[in-house]
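Trainee: only geometry, no sequence info:
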């Protein structure tokens, strides 16, 4: 079997879709018109994804407002003023605050999967947001008649439902986006916050059988938005031991943009369990330069020196446009990088005789 390769999720949206989303928000086009733009973007994304030769694809998250807030988009019990995430270039993203319970998702990720599978000819994976990220919606001041413990129980139920619905709809696998993990170490160097986030996600994963968890993975990176990151300055060594306490079968690890990949790979070698796979990032979505297949091949061969071949896969460091308004990476560039990842992984497989 050749070395498996998978994307993370998002692809930059066509300019006509971004403009259409803005026009809809301003009341200048109808919902039906926006829906037609979504459909056209999704179809084009899947066609171009398949043209790269990628054996597994996504819908590019064309209709998600963001990879974080899709479950709560339009929820009536939200207010502004939540956790603010600051990126290295100074720009910020802010979460809303929950104002009342019970907490329920408004949208589940399987609705994106169902549409994608109607158009795709190859397996489709589905990304979901972590329960830990959405736990940040609960205000420090609390909510009258709705305790934090009650919120977390509702949140675990909803996050587990999100994953199960995707598995039931035939997702190739389900990827939990846990990009706040590295950031949590920056916010709390004692790592108590990180430990609490891992524990919460494991409460979700307890709802699944060992066989089901083989089809579930977790993605970590230092954030990737508008060509900037929020936690690349955090030592990976402070995160990875806790990350591998998660009861999942697959780990999608940002690696291409790491300044000392060898050190991280040596640590991964110590942490990965025999029943787990490591998908090493071999392309950097933030770097506008498109990696050559040979460059990708060499990164795979480097990873293969530390990770057993039966447990090694490749991926992109991060999604290419995880927020709906991100235009920092060209759509064509994203597909060129994916094509290089696929081709480079094939070259590495041939070199390794697998």
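Mentor: Everything's here; your move. Since the structure is predicted, the reported quantities are computational estimates derived from the model, not experimental observations.

Trainee: now what about stretch 109-121, what contacts it?
Mentor: 42-43, 46-47, 50, 57-59, 61, 63-64, 70-71, 124, 126-128, 162, 165-166, 168-171 (C-beta atoms under 8 Å, 6 or more residues apart in numbering). From N, CA and C alone the C-beta is placed, and that goes for glycine too.

Trainee: average pLDDT across stretch 265-280?
Mentor: If you average the pLDDT over stretch 265-280, you get 97.

Trainee: Which parts of that stretch count as buried, going by neighbours?
Mentor: 265, 267, 268, 272, 276, 277, 278, 279, 280 (16 or more other C-beta atoms under 10 Å).

Trainee: Go ahead and flag the most central residue of this structure.
Mentor: By C-alpha atoms, centre = their mean, the chain has its centre lying nearest to residue 177, at 3.8 Å.

Trainee: Phi first, then psi, for it.
Mentor: Main-chain dihedrals, residue 177, degrees, to the nearest 10: phi -80, psi 110.

Trainee: Can you tell me the number of residues neighbouring residue 40?
Mentor: Using other C-beta atoms under 10 Å, residue 40 has 15 other residues around it.

Trainee: same thing with residue 143?
Mentor: For residue 143, using other C-beta under 10 Å, the count is 18.

Trainee: of the contacts of stretch 109-121, buried ones?
Mentor: Among the contacts of stretch 109-121, those classed as buried by 16+ other C-beta under 10 Å are 42-43, 46, 57-59, 61, 63-64, 70-71, 124, 126-128, 162, 165-166, 169, 171.

Trainee: biggest strand in this protein by residues?
Mentor: strand 277-283 (DSSP state E).

Trainee: Which other helices and strands does that strand contact?
Mentor: Applying 3 or more C-beta pairs under 8 Å, 6 or more residues apart in numbering; DSSP states H and E, we find strand 277-283 packed against strand 250-253, helix 293-304, strand 312-316, helix 331-352.

Trainee: Tell me the strands beside the first one, with direction?
Mentor: I take that to be strand 250-253. Using DSSP bridges, strand 250-253 pairs in its sheet with strand 216-220 (parallel), strand 277-283 (parallel).

Trainee: Tabulate these in CSV, adding columns for distance to residue 144.
Mentor: Output for the strands paired with strand 250-253, formatted as CSV (distance: least, C-beta to C-beta, whole Å):
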stretch, distance to residue 144
strand 216-220, 34
strand 277-283, 44
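
Trainee: Any buried residues in stretch 235-244, and which?
Mentor: For stretch 235-244, by 16+ other C-beta under 10 Å, it's 236, 239, 240, 242, 243, 244.

Trainee: again, but for stretch 118-127
Mentor: Result for stretch 118-127 [16+ other C-beta under 10 Å]: buried residues 119, 120, 124, 125, 126, 127.

Trainee: repeat for stretch 191-208
Mentor: Buried, per 16+ other C-beta under 10 Å, within stretch 191-208: 191, 193, 194, 197, 198, 200, 201, 202, 203, 204, 205, 208.

Trainee: What are the contacting residues of that stretch?
Mentor: Residues outside stretch 191-208 that contact it (C-beta under 8 Å, 6+ apart): 130-132, 135, 152, 155-156, 159-160, 163-164, 176, 178, 180-181, 184-185, 187-188, 213, 216, 218, 238-239, 242-243, 245-248.

Trainee: Derive a ChimeraX selection command for the buried subset of those.
Mentor: Buried residues within these, by 16+ other C-beta under 10 Å, are selected in ChimeraX with:
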select :130,131,132,135,152,155,156,159,160,163,164,176,178,180,181,184,185,213,216,218,239,242,243,246,247,248
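
Trainee: Cheers, nothing more for now.
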